[in-house]
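Engineer: fold the following for me, if possible:
(one chain, ligands or ions: 1)
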Amino acid sequence: QEDIFKKLVAHCKEYGYVFQSSEIYDGLGAVYDYGQNGVELKNNIKKYWWDSMVLLHENVVGIDSAIFMHPTIWKASGHVDAFNDPLIDNKDSKKRYRADVLIEEQLAKYEEKMNKEVEKAAKKFGDSFDEAQFRATNQRVLANREKWDQLHQRFSDALNASDLAELKQIIEDEGIVCPISGSRNWTDVRQFNLMFSTEMGSTADGALKVYLRPETAQGIFVNYLNVQKTGRMKIPFGIAQIGKAFRNEIVARQFIFRMREFEQMEMQFFVKPGTELEWFDLWRETRIKWHRALGFGDDNYRFHVHEKLAHYANAAVDVEFKFPFGFKEVEGIHSRTDFDLSQHQKYSGKKIQYFDPELGESYVPYVVETSIGVDRMFLQVVSASYHEEEVESSNGQKDTRVVMKLPPVLAPVKLAVMPLVKKDGLPEKAREIIDDLKFDFNCQYDEKDSIGKRYRRQDAIGTPFCVTVDHQSLEDQTVTIRYRDTMEQDRVAIADLKNIIADEVSF
Ligand code: ATP
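Structural biologist: Coordinates of the predicted model:
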């Protein structure tokens with residue numbers, strides 16, 4: 001699986017999906033650029049989200065707020081005081097780690113040990129193996145489970161109490177070593193704020209310290225009144241936004257899974273107090289359906305219900321997807337109560353309420369949010385679409401084909417048009433077809449190399465249709481259309497192409 005992940009990262013680079021940022025200067029940590037195909041896929045993901053949230057919901061509207069906001073917003077939201085990760089340095093390797101991640105990895109080790117015992121026994125006992133009974137009685141499994149339980153309890157208590165000394169104590173007691181130096185020589189744990197800051201303008205008193213927003217949600221909260229009033233919105237209603245967010249992540253690993261500059265697609269849904277949990281359930285179901293509609297397999301998704309809630313939330317669930325490195329969060333659905341609007345009411349001194357004409361009274365709305373990372377969604381799409389298949393080549397030999405089985409609605413290039421040969425008027429005919437289709441679909445003209453090589457190149461990009469123009473095309477106005485996933489070919493009229501493709505690439 002790790003191997004597939006490495007291949008996927010290499011593939012994303014080779015085919016113009018994702019490049020390391022500033023690569024010719026040896027890169028910048030956890031920052032990435034999207035290439036010619038990546039930007040198309042990313043735009044299609046954003047459109048797929050926007051259309052399903054905003055176009056299909058009469059009571060959801062969009063905004064685009066600025067990245068810079070008044071610094072007091074981040075005081076009100078709690079980010080200045082509490083958007084922290086607990087950090088620890090190893091004195092020998094001088095490497096910095098997140099204390100919570102080191103402990104989570106230790107928990108995962110105990111779990112792995114339990115599972116290894118079970119796997120070994122399953123191999124040994126074969127069909128007669130009763131896993132539940134083995135887990136309940138095997139001494140080694142029980143010992144590791146006890147260690148897991150104890151550590152988990154101590155860890156959650158320490159996190160809940162923000163007890164940094166206890167986090168360090170856990171690391172020492174567990175004998176956790178630095179993965180680089182193998183040493184146990186740790187510094188104390190301290191809090192590290194994840195927000196990037198910079199200075200805006202300059203006045204006689206000095207410049208104003210502003211932050212790069214760590215989430216897009218606050219831009220929605222502070223525009224609640226503007227949108228509600230100017231759009232004459234009635235509760236329940238939602239505001240959606242797609243935009244960049246920035247976090248100075250310490251453990252920045254796994255490619256575009258955790259980046260320092262990334263994009264979010266968030267929607268805050270404003271509801272009457274007391275109805276929020278019904279809406280929470282509804283949005284949870286709506287969102288998982290959205291993911292599943294892409295056809296990556298229902299078993300590749302699961303919900304992770306938060307046991308430990310942020311102080312302002314009264315329900316929270318993550319949608320997790322099975323990445324090559326395991327199930328991980330792609331989206332969060334949170335019932336945030338009236339925390340954010342009340343805080344902004346307090347800090348700004350403005351009344352942020354809704355007059356409910358049916359009740360005849362005003363209240364601060366409650367909020368249910370859905371929050372998904374564009375880049376993580378991108379990683380979900382490419383991990384689920386990357387396939388290596390054994391196929392028979394034209395000379396009868398076995399060959400491997402790398403194909404990105406992207407949902408056609410998301411594919412960067414919808415069709416490639418290829419003249420069979422570079423003469424006899426075939427290139428001109430191919431260009432003519434493109435000129436007719438390019439207003440509707442992203443088309444690519446491709447005349448270089450043998451037709452087989454061209455098909456493979458398009459498979460690797462994930463182009464769902466290849467249209468080949470041959471001599472017959474000039475006579476009867478037909479072409480062959482080749483389907484990426486089945487590799488089957490049909491002869492169709494040029495005049496029918498638009499409908500055939502539109503049928504497959506719409507959502
Ligand atoms: P994590 O626990 O993985 O750090 P989070 O719980 O802090 O994520 P939220 O603050 O709920 O994440 O953000 C909502 C969504 O934004 C996440 O589900 C994820 O898809 C995306 N996201 C958050 N941080 C990053 C990041 N550093 N890089 C890419 N996407 C991110």
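Engineer: tally up the residues packed near the closest residue to K13 other than its chain neighbours, please.
Structural biologist: Spatial nearest neighbour of K13, excluding adjacent residues (CB to CB, 6 or more residues apart in numbering): F19 at 6.1 Å. Where you see a C-beta, it was placed from the backbone N, CA and C, and this is true even at glycine. F19 is flanked by 15 other residues according to other CB atoms under 10 Å.
Engineer: can you spell out which residues form a bridge with F19?
Structural biologist: D33 (DSSP bridges).
Engineer: A316 too?
Structural biologist: Beta bridges link A316 to H334, judged by DSSP bridges.
Engineer: low-confidence bits of the stretch 251-400 of the chain, can you list those?
Structural biologist: Residue ranges of the stretch 251-400 of the chain with pLDDT under 70: 252.
Engineer: what's across from the closest residue to the ligand within it in the sheet?
Structural biologist: With CB to the nearest ligand atom as the measure, G373 is the residue of the stretch 251-400 of the chain nearest to the ligand, at 2.7 Å. Bridge pairing for G373 (DSSP bridges) gives the partners Q264.
Engineer: repeat for V61
Structural biologist: Bridge pairing for V61 (DSSP bridges) gives the partners I239.
Engineer: returning to that earlier point: touching, the residue of the stretch 251-400 of the chain closest to the ligand and E266? I think so.
Structural biologist: No - taking CB atoms under 8 Å as the definition, G373 is not a contact partner of E266, at 9.7 Å.
Engineer: just to revisit the earlier point, now do the contacts for the residue of the stretch 251-400 of the chain closest to the ligand.
Structural biologist: 262-265, 330-331 (CB atoms under 8 Å, 6 or more residues apart in numbering).
Engineer: check the residues you listed against the ligand, which are close?
Structural biologist: Filtering the contacts of G373 for proximity to the ligand by CB under 6 Å from any ligand atom leaves 262, 264, 330-331.
Engineer: before we move on, back to that, now for the residue nearest to K13: which residues touch it?
Structural biologist: Here F19 is in contact with 13, 32-35 (criterion: CB under 8 Å, 6+ apart).
Engineer: can you put the contacts of G373 in JSON lines and add neighbour count?
Structural biologist: Output for the contacts of G373, formatted as JSON lines (neighbours: other CB atoms under 10 Å):
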{"residue": "F262", "neighbour count": "21"}
{"residue": "E263", "neighbour count": "20"}
{"residue": "Q264", "neighbour count": "20"}
{"residue": "M265", "neighbour count": "22"}
{"residue": "V330", "neighbour count": "20"}
{"residue": "E331", "neighbour count": "24"}
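Engineer: make a markdown table out of those residues and add distance to A217.
Structural biologist: Shown next, in a markdown table, are the contacts of G373 (distance: CB to CB, whole Å):
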| residue | distance to A217 |
| --- | --- |
| F262 | 14 |
| E263 | 13 |
| Q264 | 8 |
| M265 | 11 |
| V330 | 17 |
| E331 | 13 |
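Engineer: P236: neighbouring residues, count only.
Structural biologist: Counted by other CB under 10 Å, the residues lying close to P236 total 19.
Engineer: right, and it touches E276 too?
Structural biologist: No - if you go by CB under 8 Å, P236 and E276 don't touch, sitting 9.7 Å apart.
Engineer: ok, the nearest residue to A384 once chain neighbours are set aside - how many residues close by?
Structural biologist: Computed as CB to CB, 6+ apart, the closest residue to A384 that is not its neighbour in sequence is F296, at 3.9 Å. Per other CB under 10 Å, the neighbour tally for F296 reads 19.
Engineer: element containing F296, please.
Structural biologist: Counting by DSSP states H and E, no helix or strand carries F296.
Engineer: phi, psi for T216 please.
Structural biologist: Dihedral angles of T216 (phi, psi; degrees, to the nearest 10) stand at phi -90, psi -20.
Engineer: what sits against it?
Structural biologist: When contacts are counted by CB under 8 Å, 6+ apart, T216 touches 65, 241-245, 264, 266.
Engineer: and of the residues you listed, the nearest to the ligand?
Structural biologist: Nearest to the ligand, judged by CB to the nearest ligand atom, of the contacts of T216 is Q264 at 5.1 Å.
Engineer: so where's this protein shaky on pLDDT?
Structural biologist: Along the chain, segments meeting pLDDT under 70 span 1-2, 203-204, 252.
Engineer: which bits of it sit near the ligand?
Structural biologist: So far as CB under 6 Å from any ligand atom goes, the chain lies against the ligand at 215, 247, 249, 258-259, 262, 264, 329-332, 371-373, 375-376.
Engineer: in helices, which of those residues appear?
Structural biologist: If you go by DSSP state H, the residues of the chain next to the ligand have 375-376 in helices.
Engineer: what helix or strand does Y110 sit in?
Structural biologist: Using DSSP H and E, the element containing Y110 is helix 99-125.
Engineer: I figured V368 hits S335, correct?
Structural biologist: Yes - counting by CB under 8 Å, V368 does reach S335; the two are 5.2 Å apart.
Engineer: which neighbours do those two share?
Structural biologist: Here V368 and S335 have 276, 279-280 as joint contacts, going by CB under 8 Å, 6+ apart.
Engineer: chain neighbours aside, what residue packs nearest to the residue positioned nearest the centre of the chain?
Structural biologist: For the chain, the residue nearest the mean C-alpha position is R376 (1.9 Å; CA atoms, centre = their mean). Counting by CB to CB, 6+ apart, V330 is the residue found nearest to R376 once chain neighbours are left out, at 4.9 Å.
Engineer: what's the answer for T463, then?
Structural biologist: Closest to T463 by CB to CB, 6+ apart is V413, at 4.5 Å.
Engineer: before we move on, what about D340?
Structural biologist: Nearest non-adjacent residue to D340, counting by CB to CB, 6+ apart: F221, 4.6 Å away.
Engineer: from the ligand, how far off is that neighbour?
Structural biologist: Applying CB to the nearest ligand atom, to the nearest Å, the value for F221 to the ligand is 15 Å.
Engineer: what's the burial count for that residue?
Structural biologist: Neighbours of F221 (other CB under 10 Å): 24.
Engineer: check the one 10 residues further on too.
Structural biologist: Counted with other CB under 10 Å, the burial measure for G231 works out to 13 neighbours.
Engineer: could you do the one 10 residues further on as well?
Structural biologist: Number of residues near Q241 (other CB under 10 Å) recorded here: 20.
Engineer: correct me if wrong: it contacts S65.
Structural biologist: Yes - assessed by CB under 8 Å, Q241 is found in contact with S65 at 6.5 Å.
Engineer: any residues in contact with both of those two?
Structural biologist: Common neighbours of Q241 and S65 (CB under 8 Å, 6+ apart) are 216, 219-220.
Engineer: next one: phi and psi at the residue nearest to A384?
Structural biologist: Dihedral pair for F296: phi -90, psi 0, per degrees, to the nearest 10.
Engineer: contacting residues for it?
Structural biologist: By CB under 8 Å, 6+ apart, the neighbours of F296 are 321, 380, 384.
Engineer: now do the contacts for the first one.
Structural biologist: Contact analysis of F321 by CB under 8 Å, 6+ apart lists 291, 296, 300-301, 327-328, 330, 380, 384.
Engineer: tell me which two in those residues are the farthest apart.
Structural biologist: Within these, two members stand farthest from each other by CB to CB: F296 and K328, at 14.3 Å.
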